[in-house]
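Colleague: below: sequence and its predicted model.
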Amino acid sequence: MINKLYKLKQTQLDQQLMQKQQLVSKIFDIDNSIENIQMSLSSVGVEKFGAIGDFKILAIHKNSMKYEKHKLEQEKNIIENEIFKYDKIIIEYQKEVEKYKYLVKEALKEKIKEEQKQEELIASEFVLSKYANKMVG
């Protein structure tokens with residue numbers, strides 16, 4: 001039973017670690033998107049003798065990119081908070097896994113001790129029967 005609980009907790013821990021890794025991957029993608037937007041913001045421009053309308057369109061475009069960047073940063077912050085929650089959950093699962101791992105080891109030690117006692121009992125009975133056979137014979 002303890003072994004089953006240990007395996008269950010280990011599986012739950014693995015699931016939490018995978019979910020955390022997915023969130024970390026999302027943050028990596030968001031960082032790449034933010035970096036691309038930042039590069040676009042710094043390199044976007046109009047022709048040297050462009051119309052005033054071009055400058056208005058450029059300003060609108062830059063504002064939309066800044067807004068998109070802001071949205072991505074907010075999403076990144078939300079995901080980082082989720083990762084922090086997963087870290088806490090993972091720590092709890094690790095504690096439980098360690099506890100059950102210890103219990104499994106202790107149960108195994110107890111089982112080995114019982115088997116050794118049984119073997120010693122059988123060996124002593126064998127010696128006694130041989131001794132009794134010598135005495136009778």
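Modeller: Here it is on my side, so go on.
Colleague: contacting residues for residue 72?
Modeller: With contacts defined as CB atoms under 8 Å, 6 or more residues apart in numbering, the neighbours of residue 72 are 30, 33-34, 37. Just so you know, the C-beta spots here come from the backbone N, C-alpha and C atoms, and that holds for glycine as well.
Colleague: check these and tell me the two furthest apart.
Modeller: Maximum pairwise distance in these, criterion CB to CB, is 10.5 Å, between 30 and 37.
Colleague: so the residue nearest in space to the middle of the chain, which state does it fall into?
Modeller: Central residue check for the chain by CA atoms, centre = their mean: the C-alpha nearest the mean position is that of residue 17, 1.5 Å away. Under the three-state scheme (DSSP: H, G, I helix; E, B strand; the rest coil), the conformation of residue 17 reads as helix.
Colleague: please name the nearest non-neighbouring residue to it.
Modeller: Distances taken as CB to CB, 6 or more residues apart in numbering put residue 90 closest to residue 17, at 6.3 Å, once the chain neighbours are dropped.
Colleague: so where's the protein uncertain?
Modeller: 45-53, 137 (pLDDT under 70).
Colleague: go with 90
Modeller: Low-confidence regions of the chain, defined by pLDDT under 90, span residues 1-10, 13, 37-62, 100, 120-137.
Colleague: just give me the neighbour total for residue 118.
Modeller: For residue 118, the count of nearby residues is 10 (other CB atoms under 10 Å).
Colleague: separation between it and residue 131?
Modeller: Plainly put, residue 118 is 20 Å away from residue 131 if you go by CB to CB, to the nearest Å.
Colleague: what do you get for residue 62?
Modeller: Using CB to CB, one obtains 101 Å as the distance from residue 62 to residue 131.
Colleague: neighbour count winner among the two?
Modeller: Taking residue 62 and residue 131 together and counting by other CB under 10 Å, residue 62 has the greater number of neighbours (13 against 10).
Colleague: touching, the residue nearest to the centre of the chain and residue 89? I think so.
Modeller: No: if you go by CB atoms under 8 Å, residue 17 and residue 89 don't touch, sitting 10.0 Å apart.
Colleague: what's near enough to touch residue 76?
Modeller: Taking CB under 8 Å, 6+ apart as the definition of contact, the neighbours of residue 76 are 27, 30-31, 34.
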